[in-house]
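Colleague: Sequence and predicted model, in that order:
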Amino acid sequence: MSNDILVITEHMDGKFSDVSFEMVGKAKELASALGGQAVAVVVGGGVSSNVFASDSTIHIDDAALSNFNPEAYGKVIEALVKEKSPKVVMFGWTVTGMDVAAWLSARTGAPLAAYAKDVRVEGGSLVVSSQAYGGKLMAEVAPEGDMAIVACLAGSFPVEAGQGSTAGTTMASPVDAGSLKVKFVEAIKPAGGDVDITAQAKLVSIGRGIGGKENVELAEELAKALGATVSASRPVVDAGWLPRTRQVGKSGLKVKPKLYLMLGISGAPEHLEGMKSAELIIAVNTDKKAPIFNVAHYGATADLFEVAEAMLELL
Amino acid sequence: MNIVVAIKHIPSIADDLPVKGNNVDFDSVDFVLNEWDEHSIEQAVLIKESVGGTVTVIGVDLIGELDNALHLALAKGADKVVKITADDPAADSHMQAKWLSEAIKGMGANMVFAGVQASNDLDGQIGPMIAAYLDMPYIGGVSSVEANGDSATVNKEFAGGAGAKYAVSMPFVAGVQSAPKPPRYAPVSKVRQMAQSATVEKVAPSGDADVRERPLRILKMAPPVVTGHAEMIEGSSKEVAAKIVELLKSKGLA
């Protein structure tokens, strides 16, 4: 058993996601408190791995793993964990990390702390602060046992602390690609032809509170009057009220407009990931305890329909 | 096609979540079906309608109130419903996944669906854990599943509308992000009819000894410490609207 921290980094199209650097930075801090090393783990080919400030980097450089495959990645990481016996394994709580972290926890018996916003060492033991219940509660949790798995929310730690140039040690993949039950077929590119919400200066963003497809028109009228574009949180898109190209958040797009006017969005952590850097955030929601009011610059506890209609009269 | 949908009954986050000791005060909250489970039920019923088969919906009954969610699933097209009678509102994802796996093991499932996540997945989601316990592959973030013989074409979403298509051999577990169509509506009369006529199969929880050994210990739970808060605009809706418009004009945004 070692006191090392393995950080499972993420990349797509040859580029690492910010959460990879964020975790490496945090891992260095934890490693020095635990007396171990911060080890960046890069799975897959087609990417240059000497970009982290880790104590060491392991690169499983295999072209067959270049495209994310949950089964293959899980098996590679499981084998690596068996070999290295780390104290902590860090994943991003992301569309890829979420496929592997809980699987690895069940396979190894190591506890998993998900939705992590902070990780620290207290009296030699790991304590994790995790968001729970859509951000309505924070939990302090202690993973018990020899190894802990922590899955971190993107944007929780600074990116810069994880950036560096540690050369990677290349390792062969222990997984026979031919034996996999999950096979990557092809990439699906985002549907074109719609407006690019990441390029808009002003967004009127609607959430579940909009109530139905028939009410989207009101948001569109308000957006038009403001010279803005309508975007949405995930439930609106999943319900088919707006196309996927308009979705802001973890499984959608990250936006940074001058104005982000939110109607009926409660502010789940997944949505905040996509919009918290907007310059001016105004939120209208009927729930005065909605988490969005902890992030927005201005807020109002009010009926979004009444507010939108009254705004239209004034514009 | 034999499809099993594993669901989660969770505290509603629409209301306040009072804390008692180091966890949610489960006696004073409403339990609801995890929202992503509605999508996994829809996806399962769509496959049944397309290629035939049976849909079994199974969940852990934490507080003795799961029947409503199960009757709703039947009204939407599920063929069979099962509840694991745990009566333990604090059971975490690992416990639930273990109980579900033990119950699903003998069902001969070709595909097992679960919601991609739930708001109380503090220790992870049940989908990948069920896959690990049943030794099946897992794929999450799924936006469509099409069955072709003994494999399926599965679309997984990445960020921003990008994704990838995978071919997955059965049996497998999928974490459903969204069904290809919005979840269907079931009329109240049909749900009521199911409540009167349908049988909910009961299974006792089992097989959890090893997952109890190394838990994720919850030290404390509390509303987040607020570092910043929106400046609240008070007044009637008209007054709020006027103040927002004034603010936008002052910043050259309207």
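Modeller: Thanks, I have the structure now. Model, not experiment: these values are computed from the prediction. Numbering: from 1, shown residues only, chains lettered A, B, ... in the order given.

Colleague: now for the lowest-mean-pLDDT helix or strand in chain B, which elements pack on it?
Modeller: None of the helices or strands of chain B scores lower by mean pLDDT, DSSP states H and E than helix B:209-213, at a mean of 77. If contacts are counted by 3 or more CB pairs under 8 Å, 6 or more residues apart in numbering or on different chains; DSSP states H and E, helix B:209-213 sits against helix B:93-104. Backbone N, C-alpha and C define where each C-beta goes, glycine included.

Colleague: and whichever helix or strand comes after the helix it packs on with chain A, contact?
Modeller: Downstream of helix B:93-104, the next assigned helix or strand under DSSP states H and E is strand B:111-115. No - shown here: strand B:111-115 not in contact with chain A (CB under 8 Å from any CB of the partner chain), separated by at least 10.5 Å.

Colleague: Work out the gap between the next helix or strand after the least confident helix or strand of chain B and the centre of the chain.
Modeller: Next along the chain after helix B:209-213, taking DSSP H and E as the criterion, comes strand B:216-222. With CA atoms, centre = their mean, to the nearest Å as the basis, strand B:216-222 stands 22 Å off its chain's centre.

Colleague: CA atoms only: put strand B:216-222 into PDB for me.
Modeller: Extracted in PDB, the C-alpha atoms of strand B:216-222 (Å, rounded to 0.1, in the frame of the first residue of the first chain):
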ATOM      1  CA  LEU B 216     -18.800   6.300   3.300                       C
ATOM      2  CA  ARG B 217     -19.300   7.700   6.700                       C
ATOM      3  CA  ILE B 218     -21.300  10.900   6.900                       C
ATOM      4  CA  LEU B 219     -19.900  13.200   9.500                       C
ATOM      5  CA  LYS B 220     -22.200  16.100   9.000                       C
ATOM      6  CA  MET B 221     -24.900  17.400   6.700                       C
ATOM      7  CA  ALA B 222     -26.000  21.000   6.500                       C
END
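
Colleague: Name the strands paired with that strand and say parallel or antiparallel.
Modeller: Paired neighbours of strand B:216-222 in the sheet (DSSP bridges): strand A:137-143 (antiparallel).

Colleague: Distance from the strand it pairs with to the middle of the chain?
Modeller: Using CA atoms, centre = their mean, the offset of strand A:137-143 from its chain centre is 19 Å.

Colleague: cool, and stretch A:210-230?
Modeller: 27 Å.

Colleague: cool, and stretch A:173-186?
Modeller: That offset, for stretch A:173-186, works out to 25 Å (CA atoms, centre = their mean).

Colleague: Would you mark the buried spots in it?
Modeller: A:173, A:175, A:180, A:181, A:182, A:183, A:184 (16 or more other CB atoms under 10 Å in any protein chain shown).

Colleague: Next one, pLDDT for the nearest residue to the first one once chain neighbours are set aside please.
Modeller: For residue A:173, ignoring the flanking residues on the chain, the nearest one in space by CB to CB, 6 or more residues apart in numbering or on different chains is residue A:62 at 4.0 Å. On the pLDDT scale, residue A:62 is placed at 91.

Colleague: if I look at residue A:62, how far off is residue A:176?
Modeller: 11 Å (CB to CB, to the nearest Å).

Colleague: got the contact list for the top helix by length along chain B?
Modeller: When chain B is parsed with DSSP state H, its longest helix is helix B:35-51. For helix B:35-51, contacts defined as CB atoms under 8 Å, 6 or more residues apart in numbering or on different chains pick out A:235, A:238, B:1, B:3, B:5, B:7-8, B:53-55, B:57, B:73, B:76-79, B:111, B:113-118, B:142, B:144-147, B:174, B:176-184.

Colleague: buried ones in it?
Modeller: B:35-48.

Colleague: still on that earlier bit, mind checking which of the contacts of helix B:35-51 are in strands?
Modeller: Of the positions in those, B:3, B:5, B:7, B:54-55, B:57, B:111, B:113-115, B:142, B:144-147, B:174, B:176 sit in strands, assigned by DSSP state E.

Colleague: Pull out the buried members of the residues you listed.
Modeller: Buried by 16+ other CB under 10 Å: B:3, B:5, B:7, B:55, B:57, B:111, B:113-115, B:142, B:144-145, B:147, B:174, B:176, out of these.

Colleague: Just the closest of the residues you listed to residue A:144, please.
Modeller: Nearest to residue A:144 among those: residue B:114, at 25.4 Å, using CB to CB.

Colleague: which residue sits closest to the closest one, ignoring its sequence neighbours?
Modeller: Closest to residue B:114 by CB to CB, 6+ apart is residue B:127, at 3.6 Å.

Colleague: what helix or strand does the one you found sit in?
Modeller: Short version, using DSSP H and E: residue B:127 is in helix B:126-134.

Colleague: Okay, angle between that helix and helix B:93-104 too, please.
Modeller: On the basis of axes from the mean of the first three to the mean of the last three CA atoms, to 10 degrees, helix B:126-134 is oriented at 60 degrees to helix B:93-104.

Colleague: Just the residues contacting helix B:126-134, thanks.
Modeller: A:98-107, B:6, B:8, B:93-94, B:96-98, B:100-101, B:104-105, B:112-116, B:118, B:136-138, B:140, B:171-175.

Colleague: Check stretch B:61-69 too.
Modeller: B:7, B:9, B:26, B:31-33, B:59-60, B:83-89, B:91, B:191, B:195, B:200.

Colleague: Okay, and which of these map to strands?
Modeller: Checking these against DSSP E, those in strands are B:7, B:9, B:31, B:32, B:33, B:59, B:60, B:83, B:84, B:85, B:200.

Colleague: of these, list those near chain A.
Modeller: Applying CB under 8 Å from any CB to the ones in strands among the contacts of stretch B:61-69, none is adjacent to chain A.

Colleague: Next, the distance between the ends of stretch A:260-279.
Modeller: 8 Å (CA to CA, to the nearest Å).

Colleague: Which positions in that stretch come out as buried?
Modeller: A:260-275, A:278.

Colleague: One more: stretch A:244-257?
Modeller: So, applying 16+ other CB under 10 Å, buried residues of stretch A:244-257: A:244-255, A:257.

Colleague: Also near chain B: which of those, exactly?
Modeller: Okay, of the buried residues of stretch A:244-257 touching chain B (CB under 8 Å from any CB), that's A:244, A:245, A:247, A:250, A:251, A:252, A:253, A:254.

Colleague: The last one and residue A:273 touch, don't they?
Modeller: I take that to be residue A:254. Yes - using CB atoms under 8 Å, residue A:254 is in contact with residue A:273, at 7.3 Å.

Colleague: which one is residue B:174 nearest to, not counting chain neighbours?
Modeller: residue B:142 (4.7 Å).

Colleague: Quick one: residues contacting that neighbour.
Modeller: Contacts of residue B:142 (CB under 8 Å, 6+ apart): B:43, B:116, B:154, B:155, B:156, B:157, B:174, B:175, B:176, B:177.
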